[in-house]
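Undergrad: have a look; sequence and predicted model below, questions after that.
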Amino acid sequence: MKNPSILLVDDSVTIRRYARSILEGMTEGYEVTERENGALALNWLSSLVDTELPDLIIFDRNMPEMSGDECVRIIKMDEDWQSIPLLFLTAQTDEEQVVAGAAFLDVDAYICKPFVPDELQSHVRRLVSGTPDSSGASQQTAGGRVNAELDSIQAHRGLESEEPMMDLFLAEAAEHAAHMASGLQDLKMGHVDREILAVMGRGAHSIKGAGGIVGLFAIAGLAGTLETYFNQVQKAPESLAAEHLPILAVALELLTAFSGSSSGDIRTLEIERHDDIEQAKSRVGLLMGKGDDATASSSIPRGSPMDPTELDREDKPSVSNVASEPISTTALGTGLTSSRNIVVLLIDDQRIIGESVRSMLESEPDIVFHFCQNPTEAVAKALEVQPTVILQDLVMPEVDGLELVRRFRVEKVLAAVPLIVLSGTEEAEVKAEAFALGANDYMVKLPNALEVIARIRYHSQAYINLLEREAAMARVTWLAEHDPLTGCLNRRTWHEQLEVAIAAGDADHTVAVAICDIDLFKKVNDTYGHQCGDDAIKHVVDIIGRGLDELGYLGRLGGEEFGIFITLPVGSQQSTAALAQADSDFENIRQTLENSPLQWNEHVLNLTISTGVSLYREGEKVEETLSRADAG
């Protein structure tokens, strides 16, 4: 019987190390697999067959690439995954919002960072084995947990040896601080971009969470205040003023200085520079109009035994408040934002209307305007410029406006583009017909500029959000079915396709299966490094893929092992001939690879594969066919 397994997903290597040490120290013998973001976690899950799925998934809510919220939604939509217990980690300590978020996402439990070993162990035992929580750790409120957290974290760090964990945190913090400093330079040069602000916010978030784990609460508090600031400015980049930059520079210099110190000096340095930290937090808070209240939204347990300002105080209550993480209410996250420009296409036979709308939009730098005066060219123009919203007149020569609406809606690429019809009069019947044909809005031309801009922005943002959700879902679907390194099918999808091919078989067809391994692959990795190993795997997949030429299905089963199956058009009474045909096909692929060495830097690597082949036998389990191929 295999040990219970846990998938741990967090972008902070410090938090993963801390959580793993707690989990592996439990008597249940948990096997822990780590992934640093939701996309990698989903890809790993997709590579597993049902019997290999983890017994529990622990994930952070706020991660780059794919957030924990987004990951949960996808897990809940998958029939094979939706029954796996889910435990999320959050830097949010507003009890009502955390509970609401857990209920909305339908997760089984949550833990606020920094968490204590007993709390994590209690939840894990309950979720994996059904053992009741008798410790009461999971029942404490955020505010009441702080002193217990500090004592337990310190005790655990003592058992685990603090120095390696602190070194890990400092290396991680230094990397994030460098990215944030680079982002600040971009801001100073006038490159105010949402993605830059998002990266800076994520860096601050990671330092905040990991800093709390290692007990550097003042540093984590400064990072938490910066996270709140960058998240706020990301939503409204125009709120970033030039006078903000020197204040941000001071705060980031502090983070950089701390991350560059040694594990033996960091705690002393934090105490010595406590006043500088508090001043920086307060000044950043003032930028958000919060003054000293901004420090209350950081992740630091103020008044805790670890707060240098409280070392001489006794019996003072501790309070832990964290910058809140918004609860998502959209299909793939909260109010998707985009740096993509709004593209407006106006179709009207009157040039004066075109010039009027152009002048309205001149002061909007993120709106690109196109004008089409000939309605017969409207569809072609729309396909060319890919608008986020179309404005079109209803009364034009050559093409009736309602007919043009119909043409837009039957064109697959344009069917979802918001369409605002313009008319010289307010006629209820015409409006009704326009809406029935697929128009999204109706304006009597021309309203004032504020209304035109507001409607353009409203419809365009909705359309951009739709495109981003569809793109995200397409990406997630691809990741769920493919190996990200090679692009071939992952183990799970390949296995499913094999079962489909076998189920669809008849007396005139049989399925040949091959299991391939790259020979001496470990030597390639050990001699030339993992990058060379990755390139070798991609080279082999490329050769095999070209050899199959869409005749069969190739999947990466794990590491340097691959699976191939081909449906052969031969009768069931000709199994010997069928096996010979399969052997011949796979031998051709093997020889092609042998004659196609990999050129890697100045090295020439002669790669070969070993292949075992078997034919599916009527009535046997797929695993039996695979086992015979693997043994061959």
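TA: Alright, I've got the coordinates. Since we're looking at a predicted model, the values are computed, not measured.

Undergrad: do a quick rundown of the strands in the stretch 201-350 of the chain.
TA: For the stretch 201-350 of the chain, applying DSSP state E, counting those that start in this stretch gives strands covering 301-302, 319-320, 342-347.

Undergrad: worst mean pLDDT among those strands?
TA: Note on the strands of the stretch 201-350 of the chain: lowest mean pLDDT is at strand 319-320, with a mean of 25.

Undergrad: remind me which residues of the stretch 201-350 of the chain are low pLDDT?
TA: Residues of the stretch 201-350 of the chain meeting the criterion pLDDT under 70: 289-339.

Undergrad: what's the answer for the chain, then?
TA: For the chain, the ranges with pLDDT under 70 are 1, 64-66, 92-104, 130-163, 289-339, 570-576, 578.

Undergrad: which helix in it runs the most residues?
TA: helix 449-481 (DSSP state H).

Undergrad: show me what the helix or strand that it is followed by is packed against.
TA: In the C-terminal direction, the helix or strand that comes right after helix 449-481 (DSSP states H and E) is strand 489-490. Secondary-structure packing of strand 489-490 (3 or more CB pairs under 8 Å, 6 or more residues apart in numbering; DSSP states H and E): strand 552-558. C-beta coordinates here come from the backbone N, C-alpha and C atoms, glycine included.

Undergrad: now do the domain split for this protein, please.
TA: Residue ranges for the domains of the chain, per automatic domain parsing: 5-142, 160-320, 342-465, 489-631.

Undergrad: quick one: closest of those to Thr477.
TA: Closest to Thr477 of the domains of the chain, according to CB to CB: domain 5-142, at 9.2 Å.

Undergrad: chain center to that closest one: distance?
TA: Domain 5-142 has its C-alpha centroid displaced from the chain centroid by 16 Å (CA atoms, centre = their mean, to the nearest Å).

Undergrad: tell me the angle the strand or helix carrying Leu42 makes with helix 449-481.
TA: Assigned by DSSP H and E, Leu42 falls within helix 38-46. Orientation note: helix 38-46 sits at an angle of 30 degrees relative to helix 449-481 (axes from the mean of the first three to the mean of the last three CA atoms, to 10 degrees).

Undergrad: using PDB, write out every CA atom in stretch 421-430.
TA: C-alpha atoms of stretch 421-430 as PDB (Å, rounded to 0.1, in the frame of the first residue of the first chain):
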ATOM      1  CA  VAL A 421     -25.500  50.900 -34.200                       C
ATOM      2  CA  LEU A 422     -25.900  54.600 -34.900                       C
ATOM      3  CA  SER A 423     -29.100  56.200 -36.100                       C
ATOM      4  CA  GLY A 424     -30.400  59.700 -36.700                       C
ATOM      5  CA  THR A 425     -33.600  59.000 -34.800                       C
ATOM      6  CA  GLU A 426     -34.900  57.000 -31.800                       C
ATOM      7  CA  GLU A 427     -37.200  54.400 -33.400                       C
ATOM      8  CA  ALA A 428     -38.300  51.600 -31.200                       C
ATOM      9  CA  GLU A 429     -39.000  49.100 -34.100                       C
ATOM     10  CA  VAL A 430     -35.600  49.700 -35.700                       C
END
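
Undergrad: next, the buried residues of it.
TA: Under the neighbour-count criterion of 16 or more other CB atoms under 10 Å, stretch 421-430 has 421-423, 430 buried.

Undergrad: following the host helix or strand of Tyr110, which helix or strand shows up next?
TA: In this structure, Tyr110 is located in strand 109-112 according to DSSP H and E. As assigned by DSSP H and E, the chain's next helix or strand after strand 109-112 is helix 117-129.
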